[in-house]
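Chemist: Give me the fold of what follows.
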Amino acid sequence: MRVLTVIAVLVVTLSASAQPGVQSGPQFGVRTGGGICNEVIRTMRDEWFDVKRLLSTDRGLRKPSERDFSCVHPGYARQAMPKHVPSMALQCFEEQGFVFCCDRSLRQCATL
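Modeler: Numbers count the residues shown, from 1 in each chain. The predicted model follows:
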């Protein structure tokens, strides 16, 4: 029951606080743990070689664990600048220097 309560709080927090234009930068991410963006995180890890060039200038950055990612509300993709990534499964974006990737349907988004 406690896990479901935590998941519900994360979903409500994500919905309430992640409105485009209200906040900027990495503050609008929400820690994963409730399955909110697990699929896109898995895809980002699978395609890490291509994704890491967008997320970091550190070319030696090792493949992060799922806990290192944060979910981002897909609504931010509407106003963000698309970034090229050779992935067929991901679309990546940049908003005020903050880079995040989403699935092709823009239902789940995440960043480091």
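Chemist: just the strands in the chain please.
Modeler: Using DSSP state E, the strands of the chain run over 29-31, 70-72, 81-83, 90-95, 98-103, 109-111.
Chemist: Residue 45: which of those is closest?
Modeler: Proximity to residue 45 (Cβ to Cβ) singles out strand 109-111 among the strands of the chain, at 9.9 Å. Where C-beta positions appear, they are placed from N, C-alpha and C, glycine not excepted.
Chemist: so what does that closest one touch, helix or strand wise?
Modeler: Counting by 3 or more Cβ pairs under 8 Å, 6 or more residues apart in numbering; DSSP states H and E, the packing neighbours recorded for strand 109-111 are helix 38-46, strand 70-72, strand 98-103.
Chemist: quick revisit: can you say which of the strands of the chain is nearest to residue 49?
Modeler: Residue 49 lies closest to strand 90-95 among the strands of the chain, at 12.4 Å (Cβ to Cβ).
Chemist: Identify each buried residue in that closest one, please.
Modeler: 90, 91, 92, 93, 95 (16 or more other Cβ atoms under 10 Å).
Chemist: Just give the nearest non-adjacent residue to residue 48, would you?
Modeler: residue 63 (4.8 Å; Cβ to Cβ, 6 or more residues apart in numbering).
Chemist: for residue 103, that is, sorry about that
Modeler: Of all residues not flanking residue 103 in the chain, residue 40 sits nearest, at 4.9 Å (Cβ to Cβ, 6+ apart).
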